[in-house]
Each structure stands twice: as C-alpha cells, then as structure tokens.
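Colleague: I would like to see how this sequence folds:
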Amino acid sequence: MKRWWRRAAAAIGFVAVLAVPACSAAAPVAERAGAAAAGCISDFDPAADYFPVKSRIEHATNFSLRYERSYQVLTVNQPYPGGASESYVLLKCGAPAPQLPPGLAGAPVIETPVRSLYSESTTQLPLIVDLGVLDVLTGVGNPDYVSGAEVRARIEAGSVVGFAQNQQLNTEQVITEQPDVLLSQGTENPAFPTLRNAGIPVIGWAEYLDSGPLAKAEWIKAMGALTGQEERAAQVFGEIESRYREIAAKAAAAPAVPVVVGNLYQGTWSVPAGGSTTGTLVRDAGGIYSEADNPATGSVQRDFESVYATDGAAAIWLVTQQWQTMADATAADQRYAELPAVKTGQVWNANKRIGPTGGNDFWERGTTHPDEVLADLIAILHPDLVPGHEFVYFQQLGS
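Modeller: Have a look, this model is predicted:
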C-alpha cells in the first residue's frame with residue numbers, strides 16, 4: 001500500500017509488445033453494438049481526431065500524455081525508483097493498429113477505454129471511484145488494505161478479487177483472469193515480465209515519486225486516459241485544486257505554528273524535507289519545523305535527540321501510527337513522554353478512517369485528495385480559521 005509522502009513506516013510517523021485486438025468489423029453484431037455504446041469507433045476515419053477533450057498536465061512531472069489522432073501516449077518517467085522511462089500506447093477501441101514511430105517500437109498497446117483493470121495500490125482506487133467507472137475494477141492487490149466503502153462493497157460481492165495477498169503477486173491467477181491492464185504500486189516485480197509475455201500490459205504507476213500534493217492528485221488524468229474519462233478527470237482535479245488553493249489562502253497570513261512531524265522507526269526519525277509533499281502540506285497549513293526550508297523532496301534521517309533539540313518544544317505533534325492513546329505513544333518509546341505536545345495532549349494521528357479490515361483511508365483517498373488533508377491540518381494548527389471543521393483523517397490521541 002502506498003504512502004503519502006514516504007512509503008517507509010518511518011515517514012511522518014504522517015511491457016513485451018502487446019497488440020490488443022481492436023473492435024473489428026468481423027466482430028459479432030452484439031459485440032460491436034456494445035463497443036459503440038462504450039464509446040468505441042464504429043466507422044474509422046484516419047483524418048479524424050478521436051480525442052476532442054485532451055488533458056493538460058500542470059503539476060505532475062512523473063507522467064505525461066501525448067495525443068495522436070486515434071491513440072494517446074502515456075509515459076511514466078520513473079515507474080519505480082531508479083527505473084527507466086516507460087511509454088504505453090492507449091489505442092481508442094475500434095481503431096486499427098497504428099503505424100508507430102521508432103521511438104514507440106515495442107511499447108505496449110492498450111485498447112481504451114479499458115474494461116478490466118487490476119489495481120495493485122490502494123491510492124488508485126479513489127480515482128476510479130471519482131471518475132464513476134467502478135465497474136472497470138476487477139482486481140486489487142490485497143483486499144484487506146482497502147478501506148473505501150464503494151470498493152469494499154464490490155469486494156464483498158465477489159466482483160473484485162485479490163491477487164497479491166501478503167505482497168506475493170499470484171501470477172497464475174492474473175494470467176487466467178486476463179485483465180486489460182495491471183497498474184503496479186510503483187515497484188518492479190519479478191512477475192511482471194511473465195505477465196507481459198502472457199499479453200497482460202503492466203503500467204508502472206508511481207504517483208508517490210511525484211512531489212507535491214497537487215502533483216499526486218493530478219494522476220487522475222492518467223486514469224482518465226485509461227478509462228476514456230478525460231473530461232471528468234479535468235473536472236474532478238479542477239475542483240480539488242480550487243479547494244486546495246482556497247483553503248491554503250486562509251492560512252497564508254496566519255502566524256506560523258511550530259510542529260513536530262513524524263516519529264521514530266527502528267531508531268531513526270525521518271523528518272520530511274520542505275520540498276516534499278508533507279513539507280508542502282505542513283507549510284500550506286501554516287506550520288513550521290526544522291526542515292521546512294530544506295528544498296529537498298525526500299526526508300532527512302535523524303535521531304530522537306536531534307529532533308528533540310530542534311523541534312521538541314513544539315506544542316503540536318503530527319503522526320500517522322496505529323496509536324489510539326498517549327499510552328500507546330509512550331509505550332512505543334518512553335522518550336516521547338518528554339515532548340510538550342504529549343504532556344499537553346496535542347498529538348494528532350491520521351487514523352480516523354480505518355476500514356473494517358484495517359486499511360487506512362489516509363493512505364488511500366488522502367493521497368489524491370490533498371484538499372481534505374490540508375483542511376484537517378489547518379484545523380489543527382489554526383482552529384479559528386475553520387470553525388466547526390469536521391475532521392476527515394486526523395484525530396487527537398486519547399489520554
């Protein structure tokens with residue numbers, strides 16, 4: 001399951017060439033009728049532009065979309081840490097196989113809109129829900145990680161199956177089910193070449209390698225390209241962006257509030273740098289901490305004593321742990337009791353929305369809905385700016 005600003009538990013304590021058969025004239029009449037209803041091309045015109053609505057990418061830097069007449073090119077610059085750029089040809093269903101330029105030789109060809117999608121990361125699920133194409137989802141990596149009610153209902157109904165419980169991808173199952181596409185969780189898996197050789201395209205989905213709240217949220221446009229929902233994707237993202245900017249403006253003129261961010265993990269405290277997604281959110285919420293001016297996009301590894309010396313006096317501590325009470329926190333490490341935020345009870349944990357099987361919606365919906373996360377943070381740091389705010393992800397630890 002993906003993390004918001006860093007996938008490690010230490011963070012903020014917060015394909016083979018595939019020619020997919022097009023909807024050909026030889027297909028049964030009922031099948032062609034269904035394809036037309038789904039938005040497929042029924043009478044191909046090589047001079048026509050079949051993408052009247054085109055996505056513009058303004059924040060995300062780890063993916064791009066380029067449009068041709070009958071296909072799009074989705075490029076993921078870094079599909080996993082250190083991975084080489086990968087491009088995928090998204091061919092409008094009903095169009096003949098295109099003559100691809102040399103630069104796309106060997107690129108997977110995926111017929112769109114896809115009809116069956118396997119999702120390895122829970123961060124992809126809210127995008128599918130937001131676009132209103134939940135029926136396309138047929139598989140999730142580990143169902144226990146899923147917290148969203150809409151997807152959980154489909155899991156319980158048997159419409160969505162798990163394919164990677166215990167982090168072990170069931171290659172035989174995926175090949176048997178033959179989804180139109182599998183979206184990775186931004187890591188390379190030794191099973192992927194086998195899937196690609198079996199005709200199942202795998203897209204290296206790595207929104208977490210984009211830095212910035214709105215950059216991650218903008219991956220809805222990549223999902224819109226796969227599902228034929230470009231217009232809806234632009235609308236949803238536009239609303240998120242507008243709300244984010246509106247909420248951030250409320251905190252812009254307020255005095256900065258010192259905070260402690262994160263917690264220890266195996267003896268190391270990963271403090272998010274100011275250029276990271278976490279750093280941006282804390283700054284936009286009106287918070288300040290020792291690494292806030294660090295332009296790096298990752299995190300700085302420190303120990304308890306170092307963090308205590310620079311940030312320990314802060315009256316507010318932000319974490320993302322399983323803790324429910326202060327006792328849980330101090331049981332994890334007795335030194336936490338020395339923090340003023342613990343003494344005054346101002347410890348806030350992003351675990352308010354835990355699903356029935358333990359999934360945390362903060363890691364799921366929160367990743368691509370930063371406006372909601374930002375509103376929670378402003379309510380913590382500047383409660384007077386958002387009176388009556390109803391928290392979505394954060395809650396205060398009990399005594």
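
Colleague: C-alpha only now, for contacts and for neighbours.
Modeller: OK.

Colleague: start to end distance for stretch 154-164?
Modeller: Stretch 154-164 has an end-to-end distance of 17 Å (Cα to Cα, to the nearest Å).

Colleague: Give me the phi and psi angles of residue 337.
Modeller: Phi and psi for residue 337, reported as degrees, to the nearest 10, are phi -60, psi -20.

Colleague: for residue 57, same thing?
Modeller: Per degrees, to the nearest 10, the backbone of residue 57 is at phi -100, psi 120.

Colleague: ok, it - contacts?
Modeller: By Cα atoms under 8 Å, 6 or more residues apart in numbering, the contact set of residue 57 is 64, 65, 218, 221.

Colleague: Nearest residue to the residue sitting nearest the centre point of the chain in space, please, no chain neighbours.
Modeller: By Cα atoms, centre = their mean, the chain has its centre lying nearest to residue 123, at 3.6 Å. Ranked by Cα to Cα, 6 or more residues apart in numbering and with sequence neighbours excluded, the top spatial neighbour of residue 123 is residue 364, at 4.5 Å.

Colleague: Next one: that neighbour from residue 78, what distance?
Modeller: 21 Å.

Colleague: which of those two has more neighbours?
Modeller: residue 364 (25 against 21; other Cα atoms under 10 Å).

Colleague: and the more buried one, what element?
Modeller: Assigned by DSSP states H and E, residue 364 falls within helix 361-368.

Colleague: Just the buried positions in that helix, please.
Modeller: By 16 or more other Cα atoms under 10 Å, the buried positions in helix 361-368 come out as 361, 362, 363, 364, 365, 366, 367, 368.

Colleague: related to what we said a few turns ago, pLDDT score assigned to the residue nearest to residue 123?
Modeller: Looking at residue 364, its pLDDT stands at 97.

Colleague: and residue 174, what does it touch?
Modeller: Per Cα under 8 Å, 6+ apart, neighbours of residue 174: 163, 195.

Colleague: same thing but at 10 Å, please
Modeller: Counting by Cα atoms under 10 Å, 6 or more residues apart in numbering, residue 174 makes contact with 118, 139, 162, 163, 164, 182, 195, 198, 200.

Colleague: Quick check: the farthest pair among those residues?
Modeller: 162 and 198 (19.4 Å; Cα to Cα).

Colleague: any idea where the helices of the stretch 201-350 of the chain begin and end?
Modeller: 213-217, 220-227, 230-252, 277-284, 304-311, 326-332, 340-344 (DSSP state H, counting those that start in this stretch).

Colleague: Figure out which of those helices is closest to residue 114.
Modeller: Among the helices of the stretch 201-350 of the chain, helix 220-227 comes nearest to residue 114, with 5.6 Å by Cα to Cα.

Colleague: coming back round to it: how far away is the residue nearest to the centre of the chain from residue 391?
Modeller: 20 Å.

Colleague: sorry, back to before: nearest to residue 326 among the contacts of residue 57?
Modeller: Nearest to residue 326, judged by Cα to Cα, of the contacts of residue 57 is residue 218 at 36.3 Å.

Colleague: correct me, but that closest one touches residue 234?
Modeller: Yes. The pair residue 218 and residue 234 passes the contact test of Cα atoms under 10 Å, sitting 8.7 Å apart.
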